[in-house]
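J.: this is a predicted model, with the sequence first.
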Amino acid sequence: MQTIVFDLETGPLAESELSALLPPFDPAEVKTGNLKDPAKIAEKIAEAEANHRRDFIERAALDPLTGRVVAIGVMVFADGHHDAKGEMPTKFGKGGKFSIIGHVDEAQTLREFWELTRGDMGRLNPLVGFNIFGFDLPFLIRRSWKHRVAVPFGIRRGRYWGDQLLDLRDAWQLGDRQARGSLDSIARHLGVGAKNGDGKAFAELWWSDRKQAESYLRNDIELTALVADALGVVV
C-alpha cells in the first residue's frame with residue numbers, strides 16, 4: 001500500500017465548446033439609468049454582454065459541465081517511508097515521490113490517476129488532499145462519467161466518501177462547517193509555508209509556461225503534505 005497526496009488543477013473547455021453552453025444574454029436586464037443617448041445605451045449593453053461572456057468563461061473551470069481536468073499533481077509515500085537520515089519523524093513532509101499527470105487527452109489523465117489509486121488485492125490506496133470532498137473528487141468523478149472512465153470501487157460508498165480518503169479541510173473544520181481557511185491561510189497559520197501563485201491562472205500558465213506551472217503545483221502538494229503532518233492526521 002502507498003499513500004497519495006494529490007491536488008487537482010482545472011481549466012475551461014475550449015471556446016468552441018463554451019460558446020454552445022453560454023447562457024443567453026438578455027439586453028432587457030441591463031440597467032441603463034438615466035441614459036437617453038441611443039449610442040451610449042448601446043455601448044452600455046455591449047459592455048454588459050461582454051462582461052456576461054467573460055464572467056461565464058472565468059467561472060467555467062470550476063464546473064465539470066464547462067471545465068476539464070488540466071493536471072493532477074501527486075506525491076506518493078510508500079508505507080514506512082524514511083527521510084534522508086533513515087529516520088521516520090513524520091508520515092508525510094517532502095519525502096514523497098512527486099509527479100504530474102496531465103495530458104491533452106483528458107480521459108487518459110483520468111485513467112492514469114485512477115489506476116494510481118488502486119492498491120493491492122483490489123483495495124484503494126489512501127488519498128489525502130485539501131477540499132477534495134468539496135471540489136477535487138466530485139469534479140474528477142463527473143468528468144470520468146463524461147468520458148466513461150471507470151472510477152475505482154471504494155471512492156464513494158453510497159452517500160459517503162470511502163474510509164481511505166482524507167480531506168484536510170474537513171479535518172481542520174472539526175465538524176464546524178462555518179470554519180474558514182484556505183490551504184494558503186492554514187499553511188501560514190501552521191508555519192509550514194505559503195502558496196507561490198494563484199490557481200485561477202493555472203490553465204493558462206500550463207500551456208504558456210510549463211516549468212512555472214509545475215513549480216506551482218509541486219508547492220501546493222508539498223504544502224498539503226506539511227499541513228497533514230502539522231494536523232497529525234492518520235490514514
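T.: Yes, it's here. Computed from a predicted structure; not experimentally measured. Numbers count the residues shown, from 1 in each chain.
J.: can you map out the helices along the protein?
T.: Under the criterion DSSP state H, the chain contains helices at 15-21, 38-60, 106-117, 137-147, 168-173, 183-190, 202-208, 210-231.
J.: and the contacts of the longest one?
T.: Counting by C-beta atoms under 8 Å, 6 or more residues apart in numbering, the neighbours of helix 38-60 from elsewhere in the structure are 12-13, 15, 18, 22-23, 25, 27, 30, 32, 35, 66-67, 200. Where C-beta positions appear, they are placed from N, C-alpha and C, glycine not excepted.
J.: tell me how many other residues crowd residue 227.
T.: 25 (other C-beta atoms under 10 Å).
J.: from residue 182, how far out is it?
T.: The gap separating residue 227 from residue 182 is 11 Å, by C-beta to C-beta, to the nearest Å.
J.: again, but for residue 211
T.: Counting by C-beta to C-beta, the gap from residue 211 to residue 182 is 25 Å.
J.: who's more crowded, these two?
T.: Comparing residue 211 with residue 182 by other C-beta under 10 Å, the one with more neighbours is residue 182, at 12 against 8.
J.: do me a favour and get the backbone dihedrals for the more buried one.
T.: Per-residue torsions, residue 182: phi -90, psi 170 (degrees, to the nearest 10).
J.: list the contacts of the closest residue to residue 225 other than its chain neighbours.
T.: Nearest-residue entry for residue 225: residue 92, 3.9 Å, with adjacent residues in sequence omitted and distances by C-beta to C-beta, 6 or more residues apart in numbering. With contacts defined as C-beta under 8 Å, 6+ apart, the neighbours of residue 92 are 3, 5, 75, 77, 128, 225-226, 228-229.
J.: repeat for residue 193
T.: Going by C-beta under 8 Å, 6+ apart, residue 193 touches 187, 219, 222-223, 226.
J.: can you pick the most crowded of those?
T.: Neighbour tally across those (other C-beta under 10 Å): the maximum, 25 neighbours, falls on residue 223.
J.: returning to that earlier point: show me the contacts of helix 38-60 that map onto strands.
T.: When DSSP state E defines the strands, the subset of the contacts of helix 38-60 inside them is 12, 67.
J.: now that we have the contacts of helix 38-60, which of them are buried?
T.: Neighbour counting by 16 or more other C-beta atoms under 10 Å classes 12-13, 18, 30, 66-67 among those as buried.
J.: in the helix-or-strand element of the chain with minimal mean pLDDT, which residues are buried?
T.: Lowest mean confidence among the helices and strands of the chain (mean pLDDT, DSSP states H and E): helix 38-60, at a mean of 80. Using 16+ other C-beta under 10 Å as the test for burial, helix 38-60 gives 44-45, 48, 52, 56-57, 60.
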